[in-house]
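*Asks:* Pasted the sequence and its predicted model underneath.
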Amino acid sequence: MELIVIGLVCFIASLAQVINFKVNYVRHYAICLDYTTGHYAFTSFPLYEYEMIEAGVKVVYKNTGIAFFYPKKGKRHKVLIHKSNHNKIVGYSEYILNLILTFLLSICLLSQIIFM
C-alpha cells in the first residue's frame, strides 16, 4: 500500500511539472554557446543565445538554462522559454524526460493497482 502512495505522489509531481512546461513555456530554438556540467551525472547548464520578438522589436537573449545530457556547442537546439519572462529557459530534453518518467510511473502505478 505504501508503494502505491509513493508512486502516486511521484506521478502527480511529475505530471504537474509536465503540465507546467506545457502551459507556461513556449518551444523555441536557441544556439548553444557553451555549457558547464553539473554535480549530477547527466545534468548540464548550457549558455543559450536566442532571439525573441517583443513589441515588434527583435531582442537577443543570452541565458543559462538547465538540460539533461550535453548539448553540442554552436548548434541549434530546441528549448522551452517562459511566456512572460523570456529570461527563464529550460532545455527541451528536460521536458521529454519528465514526459517519459510520467508515462513509466503511470504504467507502474496501474500495474501495482491491478495486481494488488
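*Replies:* Received, thanks.

*Asks:* Where do the helices of this structure begin and end?
*Replies:* 2-24, 92-114 (DSSP state H).

*Asks:* Need those in TSV (columns: mean pLDDT, mean neighbour count and distance to residue 54).
*Replies:* Every C-beta, even on glycine, is put in place using the N, C-alpha and C of the backbone. Below are the helices of the chain laid out as TSV (pLDDT from 0 to 100; neighbours: other C-beta atoms under 10 Å; distance: least, C-beta to C-beta, whole Å):
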stretch	mean pLDDT	mean neighbour count	distance to residue 54
helix 2-24	89	14	17
helix 92-114	88	15	22
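
*Asks:* Of all the ones you listed, which one is nearest residue 70?
*Replies:* Of all these, it is helix 92-114 that lies closest to residue 70, at 10.0 Å by C-beta to C-beta.

*Asks:* can you give me the angle the closest one makes with helix 2-24?
*Replies:* Inter-element angle recorded for helix 92-114 and helix 2-24: 150 degrees (by axes from the mean of the first three to the mean of the last three C-alpha atoms, to 10 degrees).

*Asks:* just checking, what packs against helix 92-114?
*Replies:* Other helices and strands packing on helix 92-114, by 3 or more C-beta pairs under 8 Å, 6 or more residues apart in numbering; DSSP states H and E, are helix 2-24, strand 67-68, strand 76-82.

*Asks:* Packing partners of the second one?
*Replies:* Identification of packing neighbours for strand 67-68 by 3+ C-beta pairs under 8 Å, 6+ apart yields strand 43-54, strand 89-91, helix 92-114.
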